[in-house]
Structure formats: structure tokens, C-alpha cells
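1. Pasting the sequence and the predicted coordinates here, then a few questions.
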Amino acid sequence: MESIYEYIRRTGTISIPLKKLFSWAETVPLKEILEAADTVKQKYAGTGVELCSILNARSGRCSEDCAFCAQSAWWNTHCAPKPLISFPEALYEAQQCEAKGVHRFSLVTSGRCLSVEDMDHLCRIYEGLASKTSLRLCGSHGLITEKQARQLASAGVSRYHCNLETGPNFFPSICSTHTIEDKLKTLSCARRAGLELCSGGIMGLGETLQDRLEMASLVAQAGAVSFPLNILTPIPGTPLQNCRIPQVHEILLSGALIRFLLPHVTLRYAGGRKALGVHVVEGLHGGINGLLTGDYLTTTGRSIEEDLKMITSAGLSARVHDTTLSPNGLLQREELR
């Protein structure tokens, strides 16, 4: 049987058809897939591990019915609402993250979209963070217009986050109040405004491997430079409260296969990665080159100190990934300490 390396050498490409990836998933040992994915990562995305942290800037009372989310007003999850964050609180958290070695920092708000007043308030916060820290700033504020995206860019935000969550065929199974097309429109607005794109999804919603890879293909077409791979943490009170958490093999395999579809991006383990336990390191040697570190929105994560120690113990280093577009439109990576 032809190995992954032999296939890439023979075809001269890393643009792997989905059909071929499905075949590898069924017939090729996981160890070989991880090694090949890491070779692709090292060649096209570098060897450093980028750290980002998020801050819950407003939570609860969300009008959307995402079946996995603790913050949806549709479900009885006992998620305590939190008003829009103040600048002093945001600055304190950002400076703490920067001092500990985090590269990117994002404010995240619940809700379908932001009012004019709330967007103005957040942009004033971003302007302050940009002037008082050296962090790369990201934003995650639901569905936005191009005008709002330009406002965020002017305030110092360099990257906008909007997860597709899953593939287009499965998306209606997890949300009915907005569509995957709405999310793709937001990504398009952000890109036209000059913002980099961060978009990924969640494993464990009941989707198939095909759904995950189709999602990754859409993310690639959208031009994202960062792909967060989340693993579902079932929240009591949500429709997915009894969902099975994906097994370690499944998580490692999915991440590695996504690397072939997105060779240049920062592919990061995000929320729910505690399901991997010590096997996170296998992922870091199997195509993954980023971590969401610290606490998440409504669940706890690993400390920044623990993650830095793990990265060093794995023989890797923490580095920010700066992305530019080459004249031919391909992503180029520069790693900075």
C-alpha cells in the first residue's frame, strides 16, 4: 500500500482530496498519519507553539439556540449572566496574560450581534489594550457587518474569530436561529475589512469525520489563518448534555487530517482539550501548533504556566505566528519569539 509520503512525492502536492483523507483514516496507522501531518506543519507553518487566551467580556442571555452552548437563553443551564466588561478589568486580565507569555488575547461576547453602543464600548477597550500592551488583539462578537469589522480594525484588532462549528450538512442539527452561511458572510466581511480570520469548530456534537473535514475545507476557502479545534464539554441542561466525548484516537486523527487541508494555519487545541489529557503532546507532534490557554468562557482550562512547561518538556518552544500573504495569495509564516 502506498504510504502518505509516497503519495505526496508522487503527486507533488499537499492538496489532498477528501476521499483520500477518508481512505487514510481507515487504512493508515495513526502513528504514520501524525508523523506526516507534523512534517507538513513544520514545512508550511513552522515548529513554534502559539498561545492565545480569551476573556469572557459578556455572558449569558444569548438569543441563539446553539445546542451545545451554556450561554443560550433557550436552555436551563444556570449560566449566570455577566454584563459587558469594563476597561480596567479587561486591561488587568490582558496584562496578566502578557506577563505570563501569551501571544494573542481576545475579548468574547455572548449574543447574535452587538448594538452600536456595545461595539463603541468594546472598541474603546481595544484601543486602550493596544496602547498599553503588545498583545496581538483578536475579537469574537458574533455576526458582524463590514462596517463593524472596519471599526474593530481601526481600534487595534488584527484578527476576527467566528467558528463554523461543524460541516454545512450537519449545522442545521445544532442551530436553527442562524445559518452557516451567516457565519461565512461574517468571515467575508472581516476579511474585506483587512482582518485576519480565525475559524474552527467543535468535535463531539454527533457529527461525522466527513462533517469535520468539510468544515475544514470551508475554513480553508474562507482564508482563515487560525483554526481552533474544540472538543465538546457536555453542559447539563443543553440538548447535547448526554453526548459522548470523542476518544483520544479520534481527536488526534481529526486534528492531523485537518492539517493536510490547512497546511499553513495555526491549528490549535482549544476548549475541551482536557479530554486528551497527557496526549496533547502527541498532537503537538502530530500537526498541532497552537493552544488556547488559561480558562475558557464557561469552563476551566489549564494554566498558562502548566502549558509553557508542557511545551518545553515536549522539546518545543512557544512562539507567536505572524502571517502575511505572498504575491500569489498563499499564506506565509514568520515565527517570532
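-> Happy to help now that I have it. Numbering: from 1, shown residues only.

2. Where does V280 fall, secondary structure wise?
-> helix 280-284 (DSSP states H and E).

3. Mind listing what's buried along that helix?
-> Residues 280-284 are the ones in helix 280-284 that count as buried (16 or more other CB atoms under 10 Å). Quick note: C-beta positions are derived from backbone N, CA and C, even for glycine.

4. which element follows that helix toward the C-terminus?
-> That would be, after helix 280-284 and using DSSP H and E, strand 290-292.

5. could you dump the next helix or strand after that next one to CSV, C-alpha only?
-> Counting by DSSP H and E, the next helix or strand C-terminal to strand 290-292 is helix 304-313. The C-alpha trace of helix 304-313 is given here as CSV (Å, rounded to 0.1, in the frame of the first residue of the first chain):
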residue,chain,number,x,y,z
ILE,A,304,-0.5,29.3,31.2
GLU,A,305,2.4,28.1,33.4
GLU,A,306,1.4,24.5,33.0
ASP,A,307,1.1,24.8,29.3
LEU,A,308,4.5,26.5,28.9
LYS,A,309,6.1,23.8,31.0
MET,A,310,4.4,21.1,28.8
ILE,A,311,5.6,22.8,25.6
THR,A,312,9.2,22.9,26.8
SER,A,313,9.1,19.3,28.1
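
6. quick one: contacts of helix 304-313?
-> Applying CB atoms under 8 Å, 6 or more residues apart in numbering, the set of residues contacting helix 304-313 from outside is 49, 51, 53, 97, 100-102, 280-281, 284, 291, 293-294, 302, 317-318.

7. With stretch 38-46 instead?
-> 5, 14, 47, 259-260, 263-267, 285-289, 319, 321, 333, 335.

8. let's see 6 Å
-> The contact list for stretch 38-46 (CB atoms under 6 Å, 6 or more residues apart in numbering) reads 14, 259, 263-264, 285-287, 289, 333, 335.

9. Show me what the helix holding V280 is packed against.
-> Packing partners of helix 280-284 (3 or more CB pairs under 6 Å, 6 or more residues apart in numbering; DSSP states H and E): helix 248-261.

10. List the buried residues of the helix it packs on.
-> By neighbour count with 16+ other CB under 10 Å, helix 248-261 contains the buried residues 248, 250-261.

11. Could you tell me how far C175 is located from L240?
-> The gap separating C175 from L240 is 11 Å, by CB to CB, to the nearest Å.

12. Is A130 in a helix, a strand, or coil?
-> Under DSSP: H, G, I helix; E, B strand; the rest coil, the three-state class of A130 is helix.

13. What's the local residue count around it?
-> A130 has 16 neighbouring residues, counting by other CB atoms under 10 Å.

14. swap in S115?
-> 10.

15. Need the residues that contact stretch 135-151.
-> Counting by CB under 6 Å, 6+ apart, 94, 98, 104-106, 108-109, 111-114, 119, 123, 126, 129, 152, 156-161, 182, 186, 189-190, 192-193, 195 sit against stretch 135-151.
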